[in-house]
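**Q** Take this sequence and fold it.
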Amino acid sequence: MGLRGNFLLQFEDPDFGNELCNLTDIKELPTDRATLKVLITFSDAVSDSTLDTASLSSPSNNSSVEWPDPFIIPDFSHDVELQLTAANDAYAKEGTVMVVSKGVKSEILDKLADMISKVTAYPSKEHYESVATALVAKHPCLRELGSEKGWYCWVFSLKFKMGNYRQRLMAAGCPEVVVNKRKRGQTSSKVLKKSKKGEVHYLPDPPAGQSAFTSEENRKTMLLEVQKCDPDLQLLDEMMTATFSQRRKEVIGDEPPVSELVNRWPALFNERQIRAEFGRIVTTDLLSFLEGLDAWTPSLLQLCKAAISSSRRLTLQSVMQCLEKEDTNQNRRTAVLLGLPGFFAEDTSEIIRMCDVHGETLDVLMKGMRVGLLIGHEGVLHDAFPMQVFHVAVVVEETIILHDIPDVATGFALLMGTIYCLNLEYPSEMKCSFEFMQRVVMKIKPDHCSARIHGLRNKLLRYRL
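**A** Got it, this is the predicted structure:
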């Protein structure tokens, strides 16, 4: 199951009335049906906080923390809790709301900002609303009589408080806030990549007990491990997780060329670790891209057929003619992905290149490619895309960093993962297509899409009706 860290296994023992007993030998399990329980153990003592509140502040978790649903409102100082209790009683009896003093409001906002920052320093609109909803649900005396939902002004107050709190985090040296407050041109290498709309540069703190020295030792251990014919994948998984904070500081803070990253972090550049790294950054499975693509493929193909009559849609026409020759699921995915730039009149020549595996040399094929895909096939290509793909490779800065990818759709998914893992800009020639894949296909910040993406999504939804 890929469980990491220390844990105990227990099972329901029928000989003792199905009581939970520690499992020491697999032969102890009942033959007909076994019920197991996994107990995660921690080396450090954990406070008496509940599981919900512990999940917000666990120092051992150095990957992206999912937003708690519902948000857990913490206890405030003793005097504030006494005032809230009395006001809640009055609200229950008479329906009167509390007149919140400046000191009480400041205490509430400070405590909430501290809890929010342990999950993310950059909460979204939905996050603020979930906190405000939980606040008035726990303390109904704080409801606002003039707003429909009772928390409209609390959302605005939280936004201002988080802005001030980020200033304090930056002064304290919080890496994620420091790098996101940095202005363009302040780096020693290339200018800072602009965060994609609705996102921030995710830069977590190192896990508890992890120093720069131990991270560097783990990196050197991985350098030796990947050189083995049969590396220990479980060990690499654990060390990649432990060194995530250091790696993000290098990728975002130093912005080294990809060749240097390949030399320093060779364990990252394979499908397994790109998927894992993407999950740490976005808390989403990278290959959910394929499920999202399949959900939109029928609508996109219908829209392609409706658009090929336009003289500007020659790319779509050639793609659809190619699909008619061999209509398989993989070819439908390929047709949709290669036809997508046609909706935005984008030029794909610098991003997507077809190549005969027995033809030109790779240096010639990759010349000028900053980021993109090489789609390999055998023989002369007479169609918009090959019916039989030999292999697909991901290229960054004229360097192949992932290869032997079996199909075009998986290649696009790994290309998206690479862009996130290496903190790259979307190529300007296909920025609308990549934004569509991000916002619509992968559902990453879908409410922040541009007008062109929003318009295409609306058209596709009409075909779903």
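**Q** Contacts only, for Glu225.
**A** Counting by Cβ atoms under 8 Å, 6 or more residues apart in numbering, Glu225 touches Pro231, Asp232, Leu235, Leu236, Met239, Ala267. Every residue, glycine included, has its C-beta placed from N, CA and C.
**Q** Could I get the pLDDT score of it?
**A** Looking at Glu225, its pLDDT stands at 94.
**Q** Point out where this structure drops to low pLDDT.
**A** Along the chain, segments meeting pLDDT under 70 span 1-6, 41-65, 180-204, 309-314, 360, 465.
**Q** what residue is smack in the middle of it?
**A** Val282 (1.1 Å; Cα atoms, centre = their mean).
**Q** close enough to count as contact, it and Ile444?
**A** Yes. Val282 is in contact with Ile444 according to Cβ atoms under 8 Å; the separation is 6.3 Å.
**Q** Please check the contacts of Glu225 and keep the buried ones.
**A** Among these, those buried by neighbour count (16 or more other Cβ atoms under 10 Å) are Leu236, Met239, Ala267.
**Q** With respect to Cys174, which of these is nearest?
**A** Met239 (24.5 Å; Cβ to Cβ).
**Q** which stretch of helix or strand covers the closest residue to Leu300 other than its chain neighbours?
**A** Spatially, and ignoring its direct neighbours in sequence, Leu300 is nearest to Val336 (4.7 Å; Cβ to Cβ, 6 or more residues apart in numbering). According to DSSP states H and E, Val336 maps onto helix 329-343.
**Q** again, but for Leu8
**A** With elements taken from DSSP H and E, the one containing Leu8 is strand 6-13.
**Q** Could you do Val99 as well?
**A** Going by DSSP H and E, Val99 is not in any helix or strand.
**Q** Kindly tell me how buried it is, as a neighbour count.
**A** Other residues lying near Val99 total 8 when counted by other Cβ atoms under 10 Å.
**Q** I'd like to know how far it sits from Tyr152.
**A** Distance of Val99 to Tyr152, computed by Cβ to Cβ, to the nearest Å: 17 Å.
**Q** following the helix or strand containing Gln273, which helix or strand comes up?
**A** Using DSSP H and E, Gln273 falls within helix 271-282. Note on helix 271-282: by DSSP H and E, the next helix or strand toward the C-terminus is helix 288-307.
**Q** Buried ones in that following helix, by neighbour count?
**A** Quick answer for helix 288-307 (16+ other Cβ under 10 Å): Phe289, Leu290, Gly292, Leu293, Trp296, Thr297, Ser299, Leu300, Leu301, Leu303, Cys304, Ala307.
**Q** Turn the contacts of Glu225 into TSV, including secondary structure and distance to Cys322.
**A** Listed next are the contacts of Glu225 as TSV, based on DSSP: H, G, I helix; E, B strand; the rest coil; distance: Cβ to Cβ, whole Å:
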residue	secondary structure	distance to Cys322
Pro231	coil	40
Asp232	coil	44
Leu235	helix	45
Leu236	helix	40
Met239	helix	44
Ala267	helix	38
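**Q** wait, which of these is closest to Pro140?
**A** Met239 (48.8 Å).
**Q** ranges for the helices of the stretch 351-465 of the chain?
**A** For the stretch 351-465 of the chain, applying DSSP state H, counting those that start in this stretch gives helices covering 362-365, 408-421, 431-436, 451-464.
**Q** Please work out which of the ones you listed is packed deepest.
**A** For the helices of the stretch 351-465 of the chain, the largest average neighbour count (mean count of other Cβ atoms under 10 Å) is found in helix 408-421, namely a mean of 24.
**Q** just how off-centre is stretch 164-178 within its chain?
**A** Relative to the centre of its chain, stretch 164-178 is centred 22 Å away, using Cα atoms, centre = their mean, to the nearest Å.
**Q** Also stretch 106-113?
**A** That offset, for stretch 106-113, works out to 28 Å (Cα atoms, centre = their mean).
**Q** then that stretch to CSV, C-alphas only?
**A** In CSV, the C-alpha atoms belonging to stretch 106-113 read as follows (Å, rounded to 0.1, in the frame of the first residue of the first chain):
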residue,chain,number,x,y,z
SER,A,106,-8.4,41.3,17.0
GLU,A,107,-8.0,38.2,19.1
ILE,A,108,-10.4,36.2,16.9
LEU,A,109,-8.7,37.3,13.7
ASP,A,110,-5.2,36.7,14.9
LYS,A,111,-6.0,33.2,16.0
LEU,A,112,-7.8,32.4,12.8
ALA,A,113,-5.0,33.8,10.7
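**Q** what's the domain layout of this protein?
**A** By the assignment in automatic domain parsing, the chain contains the domains 6-57, 78-172, 212-282, 288-464.
**Q** Start and end of the third one, how far apart?
**A** So that's domain 212-282. Using Cα to Cα, to the nearest Å, the end-to-end distance of domain 212-282 comes out at 24 Å.
**Q** again, but for the second one
**A** Between the start and the finish of domain 78-172 there is a gap of 27 Å, counting by Cα to Cα.
**Q** Could you do the longest one as well?
**A** Domain 288-464 stretches 20 Å from its first residue to its last (Cα to Cα).
**Q** How about Asn18: what's its closest non-neighbour residue?
**A** With sequence-adjacent residues excluded and distances taken as Cβ to Cβ, 6+ apart, Asn18 is closest to Glu12, at 4.3 Å.
**Q** list the buried ones in the helix or strand encompassing Gly103?
**A** Using DSSP H and E, the element containing Gly103 is helix 102-117. The neighbour-count check on helix 102-117 (16+ other Cβ under 10 Å) flags Val104, Glu107, Ile108, Leu109, Lys111, Leu112, Ala113, Met115, Ile116, Ser117 as buried.
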